[in-house]
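Participant: no FASTA, just this:
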């Protein structure tokens, strides 16, 4: 009986085992496996880029498993994507319209479209080595020929953001990478390039400074030379300071006596100027003395001002001037640099007084710095031996200091240097 029952149960027992073993294996397709394992944090594409472009070149393949390399796609090369597929190694790949495959690498491939556009009305300065394009879209842009120049001020009407950069639209010209634009006036870089390329000579000491932004350029600007009558500029500054402090007035008279010449630092009366060379004991108004010193570079009037107002270049005078130029400007040796003279001229400009007005109209306006410049120039000249100098304020929309010291050169060279710099900063 027991044997019979066992025989009856065997098929049942075996049958239940057979039912368990006949379940169908759960096999995923590549696409299903990709979807099952997809995470939101994956850096994979969820849609086909409408205008695909590359951050850097990428290889193309004949097969979706990327085993048979055939070619290379380059940056800004146009191509179209037909579909997204998943290969045997669970890689996301793009099938291109030409039948080739590429790895769908989001670190290499992006959708070259405008992400954001902002209208604006802004004036900016172009940097060096810029390019102008027909479009902000990388694989649609062409480099354009342009009349624009580096360091030029241009008007921007629109900014657009792409995956690679921000482009700016220059009215009537095209698109430029915003990295090639400056919010600050950068023309002093062009001045420095000019000086380096054209005037890098031991014969010249040149210092340039834009007053509004305090940017400077120079070549041999700290070279010490005999400054000649440029040394009258610290005197004129000090006289104006005393007038501003109400210690003297423009109408006050100073007497021309023998003692006003011959002291340490005084000029020879026989030098430049129209005032009598021998003491007359007459009184001359301070405004008249300033005018003759500034406009004629008169030695006698310079001595009278120095004798009375600086007290023959006393310690208070030197303390004031040293604070401006950063070192002692000796009135006897008259040694100085273009840099020192430029700082002194800027200090006179900051005063904005009678001295500055006198320097705007001198007997030397047809030569040196002002000769070829069609805007007002306040300046002070200096000549002696082999030295020819001029230092001034050039009144462009953004006034600048220009100090030119020369050795074994001439007036025409100073005029040429001044005109070259003016053409950049005008």
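Facilitator: Nice, thanks for sending it over. Nothing here was measured: the structure is a model prediction, and the numbers come from that model.
Participant: average model confidence for stretch 85-95?
Facilitator: Averaged across stretch 85-95, pLDDT comes to 96.
Participant: tell me which residues in that stretch are buried?
Facilitator: 85-87, 91-95 (16 or more other CB atoms under 10 Å). The way it works is simple: take the backbone N, C-alpha and C, and place the C-beta from them, glycine included.
Participant: Give me the nearest residue to residue 337, chain neighbours excluded.
Facilitator: Nearest residue to residue 337, sequence neighbours excluded (CB to CB, 6 or more residues apart in numbering): residue 222, at 5.0 Å.
Participant: pLDDT score for the residue most central in space within the chain?
Facilitator: Compute the mean C-alpha point of the chain, and by CA atoms, centre = their mean the closest residue is residue 186, 2.9 Å away. pLDDT for residue 186: 97.
Participant: likewise residue 46?
Facilitator: At residue 46, the model reports a pLDDT of 92.
Participant: One more: residue 8?
Facilitator: So, for residue 8, pLDDT stands at 34.
Participant: same deal with residue 21?
Facilitator: Predicted confidence (pLDDT) for residue 21: 36.
Participant: what's the answer for residue 14, then?
Facilitator: On the pLDDT scale, residue 14 gets 36.
Participant: three-state assignment of residue 383?
Facilitator: Under the three-state scheme (DSSP: H, G, I helix; E, B strand; the rest coil), residue 383 adopts strand.
Participant: which residues sit in contact with it?
Facilitator: By CB atoms under 8 Å, 6 or more residues apart in numbering, the residues touching residue 383 are 228-229, 389.
Participant: what about 6 Å?
Facilitator: Counting by CB atoms under 6 Å, 6 or more residues apart in numbering, residue 383 touches residue 228.
Participant: ditto for residue 239
Facilitator: By CB under 6 Å, 6+ apart, the residues touching residue 239 are 305, 309.
Participant: Relative to residue 180, which of the buried residues of stretch 85-95 is nearest.
Facilitator: Ranked by distance to residue 180 (CB to CB), these are led by residue 94 at 32.8 Å.
Participant: can you name the two of the buried residues of stretch 85-95 that are farthest apart?
Facilitator: 91 and 95 (12.7 Å).
Participant: Show me where this structure dips below the pLDDT cut-off.
Facilitator: 1-43 (pLDDT under 70).
Participant: Which segments of it make up each domain?
Facilitator: The chain breaks down into these domains under automatic domain parsing: 30-110, 116-182, 188-425.
Participant: The residue nearest to residue 273 when sequence neighbours are not counted: neighbour count?
Facilitator: Once flanking residues are discounted, residue 273 sits nearest to residue 298: 2.7 Å by CB to CB, 6+ apart. Here the number of neighbours of residue 298 (other CB atoms under 10 Å) works out to 25.
Participant: Looking at the buried residues of stretch 85-95, which are in helices?
Facilitator: Applying DSSP state H to the buried residues of stretch 85-95, no entry is found in helices.
Participant: and which of those is nearest to residue 65?
Facilitator: Out of the buried residues of stretch 85-95, the member with the shortest distance to residue 65 (by CB to CB) is residue 87, at 4.7 Å.
Participant: Verify the contact between the closest one and residue 63 for me.
Facilitator: No: counting by CB atoms under 6 Å, residue 87 sits too far from residue 63 to count as a contact (8.2 Å).
Participant: Would you mind naming the residues that bridge with the nearest residue to residue 48 once chain neighbours are set aside?
Facilitator: Nearest residue to residue 48 in three dimensions, chain neighbours excluded: residue 81, at 5.0 Å (CB to CB, 6+ apart). Beta bridges link residue 81 to residue 96, judged by DSSP bridges.
Participant: gap between residue 81 and residue 90?
Facilitator: Distance, residue 81 to residue 90, using CB to CB, to the nearest Å: 19 Å.
Participant: Who are the contact partners of the residue nearest to residue 48?
Facilitator: Here residue 81 is in contact with 48, 52, 94 (criterion: CB under 6 Å, 6+ apart).
Participant: how many other residues sit next to the second one?
Facilitator: The reference is to residue 52. With neighbours defined by other CB under 10 Å, the count for residue 52 comes to 21.
Participant: residues contacting it?
Facilitator: Contact partners of residue 52, counting by CB under 6 Å, 6+ apart, are 81, 109.
Participant: Beta-bridge partners for it, please?
Facilitator: residue 111.
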